[in-house]
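**Student:** curious how this folds, go ahead:
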Amino acid sequence: MATVPVGHAVGGGTRKAWVLKAGSVKNLRLQTLRQVERPGYGEVLIKVRCIGLNFADVFSVLGLYSATPRGEFVPGLEFSGVVAAVGASASDGKTTVEFASQEARERAEREASGFKPGDRVSGVVRFGAYSTSILAPAHQLRHIPKSWSFEQGAAFNVQALTSFYGLKELGNVKPGQVVLVHSCAGGCGLVRQMDCTFQSVETLLFTSLHFNTKSFSSPPHCIDDTTN
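**Tutor:** Prediction:
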């Protein structure tokens, strides 16, 4: 996943962003930073409308997340907004974001042409979302469905990707298997239950809270850890 620098070092525009050095939420400061006005090849400039707040965000602010930058950084892993500009060709010049690999850079360059100014999008980045605008690689963006709000677009990605990665990449789950879902009333737990239903996997849902299971797509087996 690409990393977004704290201060986008080129261009004459500005943006507002929450900046801190990890350790305490009291370190958060709203600052005016420089903003690239023309994205490089494979990058998309987005005017941010909503951001997600997740368990990993809290851990990164407190300095308890292993991937947290050592110096000052802009928190935030997911966002939604409106495309302001697109670097869709090699003539758009060098990029500002730091790509994880050459393969990631090439994928971003291929997918940039799928976006245009005015598009409603959601995306994920390796920090940097707590800002009024953000540069993101095109392959880490998706168009928001017409029926979704910006809030829904910003809140979806981290939960969905975490669920999918755990089930498929780590668990290699297959139809007919049974999955025990801890914290099933949280964001990842709710998405994971839907993933399992889609993949014809039976679920055992584990929670300490009483919640309405009618919202699930199929009747789950529930375990309440407040009882013995």
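**Student:** all strands of the protein, in order?
**Tutor:** According to DSSP state E, the chain carries its strands in the segments 13-19, 29-35, 43-51, 78-86, 120-124, 133-137, 141-143, 178-182, 202-207, 221-224.
**Student:** confidence-wise, which of those is weakest overall?
**Tutor:** In terms of average pLDDT, strand 221-224 trails the rest of those, at a mean of 60.
**Student:** lowest confidence element among the helices and strands of the protein?
**Tutor:** strand 221-224 (a mean of 60; mean pLDDT, DSSP states H and E).
**Student:** I'd assumed residue 201 was in contact with residue 176.
**Tutor:** Yes - in this structure, residue 176 is within contact of residue 201 by CB atoms under 8 Å, at 7.4 Å. Where you see a C-beta, it was placed from the backbone N, CA and C, and this is true even at glycine.
**Student:** name the residues contacting each of these two.
**Tutor:** By CB atoms under 8 Å, 6 or more residues apart in numbering, residue 176 and residue 201 have no common neighbours.
**Student:** if you count surrounding residues, which of those two has more?
**Tutor:** residue 201 (19 against 9; other CB atoms under 10 Å).
**Student:** surely the more buried one touches residue 173?
**Tutor:** Yes - here residue 201 reaches residue 173: they are 5.6 Å apart, a contact under CB under 8 Å.
**Student:** could you tell me which residues touch both of those two?
**Tutor:** 167, 179.
**Student:** read off the pLDDT value for residue 65.
**Tutor:** With respect to pLDDT, residue 65 has a value of 86.
**Student:** so how far is residue 45 from the residue lying closest to it once chain neighbours are set aside?
**Tutor:** Leaving aside its sequence neighbours, residue 65 sits nearest to residue 59 (CB to CB, 6 or more residues apart in numbering; 3.9 Å). Residue 59 is 28 Å from residue 45, where distance means CB to CB, to the nearest Å.
**Student:** with residue 199 instead?
**Tutor:** Taking CB to CB as the measure, residue 199 falls 36 Å from residue 45.
**Student:** the more surrounded of those two?
**Tutor:** Neighbours per residue (other CB under 10 Å) separate residue 199 from residue 45, with residue 45 holding more: 25 against 15.
**Student:** that one contacts residue 13, correct?
**Tutor:** No - using CB under 8 Å, residue 45 makes no contact with residue 13, being 9.1 Å away.
**Student:** mind checking the longest helix of the protein?
**Tutor:** Identified as the longest helix of the chain according to DSSP state H is helix 150-164.
**Student:** flag every buried residue along it.
**Tutor:** 150, 153, 154, 155, 156, 157, 158, 159, 160, 161, 162, 163 (16 or more other CB atoms under 10 Å).
**Student:** that'll do, ta.
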